[in-house]
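Visitor: Coordinates for the following, if possible.
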Amino acid sequence: MIAAAAVLAAPLVSDPSATASCLGPAVKIKPARVARGGALTVTGQNFGDDCLDTGTLPQGVGPLGNPLTGLVIVIDQGDNEFVVATGSAGSDYAFKVDVVVPASLQPGDATLAILGAGDARLTTDLPLVISGAEPISAGETAVATFGPPPPPDTVPEATVPPPVLPGDIPDEHVATVPTLSTTPVQDDGINSNERRVATVGIAIVLGLAAIGFAIWSRAQRRG
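Guide: Model (predicted):
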């Protein structure tokens, strides 16, 4: 159904710019004339972040450095820009993705571009023709993804303080509270004096009783 609605044309290729002896990013689109809601194949090559064309390559790094990530494919028409795909280049610095042409586009001329970090345009805008055929599908267009998935976000695990073991408890004096009563007792001078007099009186009585008992016991032995 897509083939019937879209007129096939020869693929268009953006002119790769040369940096030293390294080839710059290049993009192909097929077909160059599409219907709204139809499929468009986008192929990219040479999407690396460096040009290591001299000397010995570092271990694990290719001639174009690291593959570019965070790529965004857009279709522009007038003042409108539609994001149709996001992703990253593979280890070979290339990618291929099928995108859906937004139904919101108008019949006529449009362009396709690849954006990088900071919305920098990495390629020359490629001309694209939107046919006047009725849209194949309506509604919002899903954004395609391509390339290796980005590394998962590393969220630090919540740290929980270790439990305090008996040996780790500081050996410090801890104030204790009496368990029998928490109500303070008022101590005035009068009550203290009365208790002191009563104590002395009891001691005197006990002493006299002991002396009397001793005299009585001696008198009994003499008799």
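Visitor: What ranges does this structure have for its helices?
Guide: All helices of the chain, identified by DSSP state H, fall at 2-5, 189-222.
Visitor: Check these for me: which has the lowest mean pLDDT.
Guide: In terms of average pLDDT, helix 2-5 trails the rest of the helices of the chain, at a mean of 33.
Visitor: Surely Val42 touches Leu112?
Guide: Yes. With contact defined as CB atoms under 8 Å, Val42 reaches Leu112; the gap is 7.0 Å. C-betas here are computed from N, CA, C, even on glycine.
Visitor: ok, those two, which is more surrounded?
Guide: Set side by side, Val42 and Leu112 show unequal neighbour counts under other CB atoms under 10 Å, the larger going to Leu112 at 24 against 21.
Visitor: Do I have it right that the more buried one meets Ile75?
Guide: Yes. Counting by CB under 8 Å, Ile75 is a contact partner of Leu112 at 5.4 Å.
Visitor: Between its first and last residues, what's the separation in stretch 28-45?
Guide: Criterion CA to CA, to the nearest Å; first-to-last residue distance in stretch 28-45 is 9 Å.
Visitor: Pull out the buried positions in it.
Guide: In terms of neighbour count (16 or more other CB atoms under 10 Å), stretch 28-45 has its buried residues at 28-29, 31-32, 34-40, 42, 44-45.
Visitor: Rounded mean pLDDT for it, please.
Guide: Mean predicted lDDT for stretch 28-45 stands at 95.
Visitor: With stretch 149-165 instead?
Guide: For stretch 149-165, the mean pLDDT works out to 56.
Visitor: thinking again about what came up before, which neighbours do Leu112 and Ile75 have in common?
Guide: Both Leu112 and Ile75 are in contact with Leu128, where contact means CB atoms under 8 Å, 6 or more residues apart in numbering.
Visitor: what residues are shared contacts of Val42 and Leu112?
Guide: Val27, Ile29, Ile73.
Visitor: What about these, which are in strands?
Guide: Cross-referencing the shared contacts of Val42 and Leu112 with the strands (criterion: DSSP state E) gives Val27, Ile29, Ile73 as the overlap.
Visitor: okay, those in a markdown table with distance to Gly201 next?
Guide: Conversion of these to a markdown table gives the following (distance: CB to CB, whole Å):
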| residue | distance to Gly201 |
| --- | --- |
| Val27 | 116 |
| Ile29 | 119 |
| Ile73 | 110 |
